[in-house]
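[1] Generate coordinates for the sequence data below:
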Amino acid sequence: MARKSIPKYRKQKNKSGDRAFVELGGSRVYLGAFNSAESREAYARALNEWESNGRQETTIADGMTVSEIVARYWEHVTEYYCKHGRPTKEQANIRITMRSLCKLYGRSPGDEFGPLALKAVRQSLIGAGHSRTYINDQTGRIKRLFKWAVENELVPATIYHGLLAVAGLRRGRSAARETEKIKPVADESINAVEPHVSRQVWALIRLQRLTAMRPGETVIMRGCDIDTTGELWEYRPSEHKGEHHDQDRIVPLGPKARRIVQEFLKPDLSAFLFSPADADEARRAQVRQQRKTKVQPSQATRGERSKRRMEAGKRGRAPKERYTVDSYRRSITRACELAFPVPDDATDEEAPVWRKAHHWHPHQIRHRCATDVRKQLGLEAAQVWLGHTRADVTQIYAERNLSVARELARKIG
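    So this is what the prediction gives:
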């Protein structure tokens, strides 16, 4: 990355004496008498304010529109919401939020955006059919935008404090659509997909079931991230959800999980354990082994086929070195379609209901593991196992154990 130049402390000559100044973003800021201690302090102060404001002018003209504030905020978003040199998904979420905001209030003055305006944006999201939780997330992002605007003195502090008065939508008390809670996947549904996934994907599924790792933590496993010196191996993901809060994430690997990992360890410790390229090579080897004829196609024949595919626009992609959360999820979705095919006599209305009832995704494995641990060892153990810092987050993943309450009801009344 190129080093950014620092505006220089400069001198202006005039009849009344030499003055110090600095040019920031095309504007000249006067600092006082040249070489005086006060001017040097003013120079340092102006530089720091300019840098902290994204190298923008710190004196903002009155009446900035919402669109102008959003444009300034987006510069902050592209820099802040970036992890290991890659944009996070939050960037895309914020872009959608800002689009909804500017559609209604883009030309309005930012210092006039109040609670009623925020509720109007929220109402437009309700009318578009979005879910309650999605709408609450979007309104939260708008509040965060104006908090940043207050921090950078683009709008008065009263604007943000007014928006804080707008409470989130409550379940059953708004016209917003409600979504179903994520349920733990049954072990029978997990086992049903085994014949329809690669050896690598099945290992990912089993590791999640044993460790309650997040899908994103599982797919990035490498040998160099695993401490194999102790009785229990310890896996420290190179990336995890809480790292920007300076939280450590250590996943102990018990005997069963360790055996799975051992099966996929590679001489190159920096290589990813679970690779689509390895799965593709294994699939090709199996096809060659099951081929009835032992005569291989000639090189010319293979070249002609490849040329025809390219001319037809079917340019193939080389398998990647590791699974992503999305490719891992898609593998499970395809396996569910094969393991639980829609009945032939199902109508167009019944088919989506069938798929929804018989399909599951990787996050539900984490819910399954959390529920089982909580039933056996309690909420605190589940909190530690999931890597949560707060017990109320664990409540989302671990269903309440009603069997204990039922037993007490039998005994007490």
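[2] Where do the strands of the stretch 251-400 of the chain begin and end?
    251-253 (DSSP state E, counting those that start in this stretch).
[3] Was I right to think Ala351 contacts Pro341?
    No: assessed by CB atoms under 8 Å, Ala351 is found out of contact with Pro341, at 10.5 Å. C-beta coordinates here come from the backbone N, C-alpha and C atoms, glycine included.
[4] What sits closest to Thr78 if chain neighbours are left out?
    Gln91 (6.8 Å; CB to CB, 6 or more residues apart in numbering).
[5] Sorry, slip of the keys, the one I care about is Met64.
    Closest residue to Met64 apart from its sequence neighbours, by CB to CB, 6+ apart: Gly110 at 5.0 Å.
[6] ditto for Arg40
    That would be Tyr9: by CB to CB, 6+ apart, it lies 7.4 Å from Arg40.
[7] close enough to count as contact, the one you found and Ala20?
    Yes: using CB under 8 Å, Tyr9 is in contact with Ala20, at 6.2 Å.
[8] Please say which of these two ends up with more neighbours.
    Ala20 (21 against 18; other CB atoms under 10 Å).
[9] Let me know the secondary structure of the more buried one.
    strand (DSSP: H, G, I helix; E, B strand; the rest coil).
[10] you'd agree the residue nearest to Thr78 is up against Tyr80?
    No: Gln91 lies out of contact with Tyr80 (CB under 8 Å); the separation is 9.3 Å.
[11] between these two, which one's more packed in?
    Between Gln91 and Tyr80, Gln91 has the larger neighbour count (other CB under 10 Å), namely 15 against 12.
[12] Just the pLDDT for that one.
    At Gln91, the model reports a pLDDT of 92.
[13] Show me what the helix or strand that it is a member of is packed against.
    Using DSSP states H and E, Gln91 maps to helix 89-105. For helix 89-105, the packing partners by 3 or more CB pairs under 8 Å, 6 or more residues apart in numbering; DSSP states H and E come out as helix 66-80, helix 115-127, helix 132-151.
[14] For Leu169, find the nearest of those helices.
    helix 132-151 (4.9 Å; CB to CB).
[15] In PDB, list the C-alpha atoms belonging to that closest one.
    Listed next in PDB are the C-alpha coordinates belonging to helix 132-151 (Å, rounded to 0.1, in the frame of the first residue of the first chain):
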ATOM      1  CA  ARG A 132     -39.400  -8.400  11.900                       C
ATOM      2  CA  THR A 133     -35.800  -9.400  12.800                       C
ATOM      3  CA  TYR A 134     -34.500  -8.100   9.400                       C
ATOM      4  CA  ILE A 135     -36.300  -4.800   9.900                       C
ATOM      5  CA  ASN A 136     -34.800  -4.400  13.400                       C
ATOM      6  CA  ASP A 137     -31.400  -5.100  12.000                       C
ATOM      7  CA  GLN A 138     -31.800  -2.500   9.300                       C
ATOM      8  CA  THR A 139     -33.100   0.200  11.600                       C
ATOM      9  CA  GLY A 140     -30.200  -0.500  13.900                       C
ATOM     10  CA  ARG A 141     -27.800   0.100  11.000                       C
ATOM     11  CA  ILE A 142     -29.400   3.500  10.300                       C
ATOM     12  CA  LYS A 143     -29.000   4.500  14.000                       C
ATOM     13  CA  ARG A 144     -25.300   3.400  13.700                       C
ATOM     14  CA  LEU A 145     -25.000   5.700  10.600                       C
ATOM     15  CA  PHE A 146     -26.200   8.700  12.600                       C
ATOM     16  CA  LYS A 147     -24.100   7.800  15.600                       C
ATOM     17  CA  TRP A 148     -21.000   8.000  13.300                       C
ATOM     18  CA  ALA A 149     -22.300  11.300  11.800                       C
ATOM     19  CA  VAL A 150     -22.500  12.700  15.400                       C
ATOM     20  CA  GLU A 151     -19.000  11.400  16.200                       C
END
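[16] Would you mark the buried spots in that helix?
    By neighbour count with 16 or more other CB atoms under 10 Å, helix 132-151 contains the buried residues 132, 134-136, 138-139, 141-142, 144-150.
[17] coming back round to it: how much space is there between the residue nearest to Thr78 and Cys82?
    8 Å (CB to CB, to the nearest Å).
[18] Could you do Asp326 as well?
    For Asp326 relative to Cys82 (CB to CB), the value is 19 Å.
[19] Those two - which one has more neighbours?
    Just comparing Asp326 and Cys82: by other CB under 10 Å the higher neighbour count belongs to Cys82, 13 against 10.
[20] By average pLDDT, which secondary structure element in this structure comes out worst?
    helix 402-412 (a mean of 44; mean pLDDT, DSSP states H and E).
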